[in-house]
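[1] Okay, predicted coordinates and the sequence, questions at the end:
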Amino acid sequence: QVQLEESGGGSVQAGGSLRLSCAASGRGFSTYALGWFRQAPGKEREFVAAISLSGGMTYYADSVKGRFTISRDNAKNTVYLQMNSLKPEDTAVYYCAARWRILATTSYEYDYWGQGTQVTVSS
């Protein structure tokens with residue numbers, strides 16, 4: 001089992017950058033595929049990015065491709081989401097999630113979730 005805690009959210013103007021972190025506690029961090037999701041008010045939770053166990057494979061939603069980068073540091077039990085060229089439509093609560101071994105891009109496939117961190121992008 002793994003516990004997840006996000007940090008790094010905040011308010012930024014359009015075109016700016018933020019880096020989200022998600023620290024994991026518990027055993028076996030390197031055996032979990034990790035993902036970032038987001039949920040805007042009145043909308044369903046949506047996939048943002050995912051990364052494989054070693055970090056060698058990554059997937060991105062089309063809406064963030066080329067602007068966001070997911071990475072992980074298994075020695076620090078942490079996954080990151082570097083967000084550049086932010087847009088107002090990126091405003092949402094961002095969640096990190098973990099599932100055992102197999103990378104996935106749908107929220108129902110993930111077993112463990114953090115509490116979320118708010119990202120607000122103003123125009």
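    Done, it's in. Keep in mind it's a predicted model, so treat the numbers as computed, not measured.

[2] Please name the nearest non-neighbouring residue to the residue nearest the centre of the chain.
    By C-alpha atoms, centre = their mean, the mean C-alpha position of the chain lies nearest to residue 36, the distance being 2.4 Å. Once flanking residues are discounted, residue 36 sits nearest to residue 48: 4.3 Å by C-beta to C-beta, 6 or more residues apart in numbering. Where C-beta positions appear, they are placed from N, C-alpha and C, glycine not excepted.

[3] any idea how far the one you found lies from residue 111?
    18 Å (C-beta to C-beta, to the nearest Å).

[4] try residue 79
    15 Å.

[5] Can you pull the poorly scored residue ranges out of the protein?
    Along the chain, the model assigns pLDDT under 70 to no residue.

[6] Confirm that the residue nearest to residue 36 sits in a helix.
    No. Secondary structure assignment (DSSP: H, G, I helix; E, B strand; the rest coil) places residue 48 in strand, not in a helix.

[7] Surely it and residue 60 touch.
    Yes. Here residue 48 lies in contact with residue 60, judged by C-beta atoms under 8 Å, at a distance of 7.4 Å.
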